[in-house]
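>>> Sequence first, then the predicted structure, then my questions.
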2 protein chains.
Amino acid sequence: MSEPDFTLEERAAVYRAIALRRDIRAEFLPDAVSHEVLLRLLGAAHQAPSVGLSQPWRFLVVRSLATRRAVHAAFMRANAEAAATYRAADEQRYRALRLAGILDAPVNLCITCDDAPLRGHGLGRQTMPETARYSTVCAIQNLWLAARAEGLGVGWVSILDPAELRTILSIPDRLTFIAYLCLGYVAEFPMLPDLERVGWESRSPLADVIDFEQYREQ
Amino acid sequence: MSEPDFTLEERAAVYRAIALRRDIRAEFLPDAVSHEVLLRLLGAAHQAPSVGLSQPWRFLVVRSLATRRAVHAAFMRANAEAAATYRAADEQRYRALRLAGILDAPVNLCITCDDAPLRGHGLGRQTMPETARYSTVCAIQNLWLAARAEGLGVGWVSILDPAELRTILSIPDRLTFIAYLCLGYVAEFPMLPDLERVGWESRSPLADVIDFEQYREQ
């Protein structure tokens, strides 16, 4: 017994979630995210592919305002340091960017990975141990797309010192910090990526990233 | 002007793609994958989130049988070495696994990442430079889900020596090898992950990977 094929409408829905997903920083609403919805999203993440079926990911749900304030302070420090590396006009442009919604989003998620999982019995990790981390990122993208279909926004905050975050959240030594996400309902999903809308960077044509049979010279 | 919300049917389709996606190794059909379908899948990948909108990924499409044979030989060597690390019964179980469809799948994809992309102007990579690679993995998961909705299977082969693959495919020095994928239509999508079906590993309960506010002791 096998599943019926995806209808054209179902296929279009998958492509729609992929096309309309955005990295949300400024549009979070304070509306509560129910436990039920949160578990659906984490359930989508947990269905990601994983090397050797090791499922090496771990999801820490943070709703505590005190914890989010500590993470936000860490973000502000890392962001000030990042801003100082730009010169003149670029620094002004950088400082004007809105890059995280840690305090606005009612739910934050810290995603970690066990780099040496017992599960999976090592299969597939001997030549490429980094695939445990990559599996964890696949889980994040599953969650991101499910969230978009549910009308929830996700923002990935990478302007954080991993060592500082490890201290704030008491991340166990055996786990590697992969991502810090902000999650919540949004006023609206912008049509353009933020960084394109404000002129920081524009999206590249698809043809620029595809090669056939061998790499083109650049 | 903003997009209408996802209907319940659209939402279900996204969850369905996530739930029914499989890592395909044995079920590939020789049916050709058209250029049009391939570009739709790569277009989905290219819509992934990327740190600083850097879009650091690069997709090499390999249809050449000679190239796939060379990669397959590299897989066979890495797989024999991996098998030899298991003992007794585990080695027998490992050797019985079907772990790659490099020659059966009509299309192979080598996914690489530029770890120091000019695009994005460094935004978000100063504290966590590994996010360029993670962005590339998000692109892979987009492609995987779009493929499932199109009725195409994807298999991720991580049992490969990255240095050997770099030589076979002449991967430029500036690019980091992230993943080698097999892609094609399939006879059927198994209901269970292969490794669960054959008893190598089973999927863990969702509750095991979620913590609230702080990490539980283990």
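Happy to help now that I have it. Residues are numbered from 1 along each chain as shown, chains lettered A, B, ... in the order given.

>>> what's next to stretch A:6-13, contact-wise?
By C-beta atoms under 8 Å, 6 or more residues apart in numbering or on different chains, the residues outside stretch A:6-13 that reach it are A:14, A:149, B:6, B:9-11, B:13-14, B:16-17, B:148-151. In short, each C-beta sits where N, CA and C put it, glycine included.

>>> If you could redo that for stretch A:25-41, that was the one I meant.
Contact with stretch A:25-41 is made by A:61, A:98-101, A:104-107, A:143, A:146-147, A:150, A:152-153, A:155, A:182-190, A:194, B:15, B:206, as judged by C-beta under 8 Å, 6+ apart.

>>> before we move on, the earlier item: which among the contacts of stretch A:6-13 gets closest to residue A:129?
Nearest to residue A:129 among the contacts of stretch A:6-13 is residue B:148, at 26.7 Å by C-beta to C-beta.

>>> got the contact list for the closest one?
Residue B:148 makes contact with A:6, A:14, B:17, B:20-22, B:154, B:189 under the criterion C-beta under 8 Å, 6+ apart.

>>> repeat that with 6 Å
Residues in contact with residue B:148 (C-beta atoms under 6 Å, 6 or more residues apart in numbering or on different chains) are B:17, B:21.

>>> so where does it fall, helix or strand?
Assessed by DSSP states H and E, residue B:148 sits inside helix B:131-150.

>>> buried sites along the helix or strand where residue A:17 lies?
According to DSSP H and E, residue A:17 maps onto helix A:8-20. Using 16 or more other C-beta atoms under 10 Å in any protein chain shown as the test for burial, helix A:8-20 gives A:10-11, A:13-18, A:20.

>>> any idea of the mean pLDDT in that helix?
For helix A:8-20, the mean per-residue pLDDT is 98.

>>> what angle separates that helix from helix A:131-150?
Comparing the axes of helix A:8-20 and helix A:131-150 via axes from the mean of the first three to the mean of the last three C-alpha atoms, to 10 degrees yields an angle of 110 degrees.

>>> Is stretch A:113-131 in proximity to chain B?
Yes. Using C-beta under 6 Å from any C-beta of the partner chain, stretch A:113-131 reaches chain B at A:120, A:124, A:126-128, A:131.

>>> could those residues go into a markdown table alongside pLDDT and distance to residue A:177?
Below are those laid out as a markdown table (pLDDT from 0 to 100; distance: C-beta to C-beta, whole Å):
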| residue | pLDDT | distance to residue A:177 |
| --- | --- | --- |
| A:120 | 88 | 21 |
| A:124 | 84 | 22 |
| A:126 | 87 | 24 |
| A:127 | 90 | 24 |
| A:128 | 92 | 20 |
| A:131 | 95 | 17 |
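
>>> Give me the longest strand you can find in chain A.
Looking across chain A with DSSP state E, the single longest strand is strand A:175-185.

>>> What residues sit buried inside the next helix or strand after that strand?
Toward the C-terminal end, the helix or strand that comes next after strand A:175-185 (DSSP H and E) is helix A:194-197. Going by neighbour count (16+ other C-beta under 10 Å), the buried part of helix A:194-197 is A:194-195.

>>> related to what we said a few turns ago, output the helix holding residue B:148 as PDB, restricted to C-alpha atoms.
C-alpha atoms of helix B:131-150 as PDB (Å, rounded to 0.1, in the frame of the first residue of the first chain):
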ATOM      1  CA  THR B 131      26.000  29.700   8.900                       C
ATOM      2  CA  ALA B 132      27.000  29.800   5.300                       C
ATOM      3  CA  ARG B 133      27.200  26.000   5.300                       C
ATOM      4  CA  TYR B 134      23.900  25.800   7.200                       C
ATOM      5  CA  SER B 135      22.200  28.100   4.600                       C
ATOM      6  CA  THR B 136      23.300  25.600   2.000                       C
ATOM      7  CA  VAL B 137      21.800  22.700   3.900                       C
ATOM      8  CA  CYS B 138      18.500  24.700   4.100                       C
ATOM      9  CA  ALA B 139      18.600  24.800   0.300                       C
ATOM     10  CA  ILE B 140      19.000  21.100   0.200                       C
ATOM     11  CA  GLN B 141      16.000  20.500   2.400                       C
ATOM     12  CA  ASN B 142      13.900  22.800   0.200                       C
ATOM     13  CA  LEU B 143      14.900  20.800  -2.800                       C
ATOM     14  CA  TRP B 144      14.200  17.500  -1.000                       C
ATOM     15  CA  LEU B 145      10.600  18.600  -0.100                       C
ATOM     16  CA  ALA B 146       9.900  20.000  -3.500                       C
ATOM     17  CA  ALA B 147      11.100  16.800  -5.000                       C
ATOM     18  CA  ARG B 148       8.800  14.700  -2.800                       C
ATOM     19  CA  ALA B 149       5.800  16.800  -4.000                       C
ATOM     20  CA  GLU B 150       6.900  16.300  -7.600                       C
END
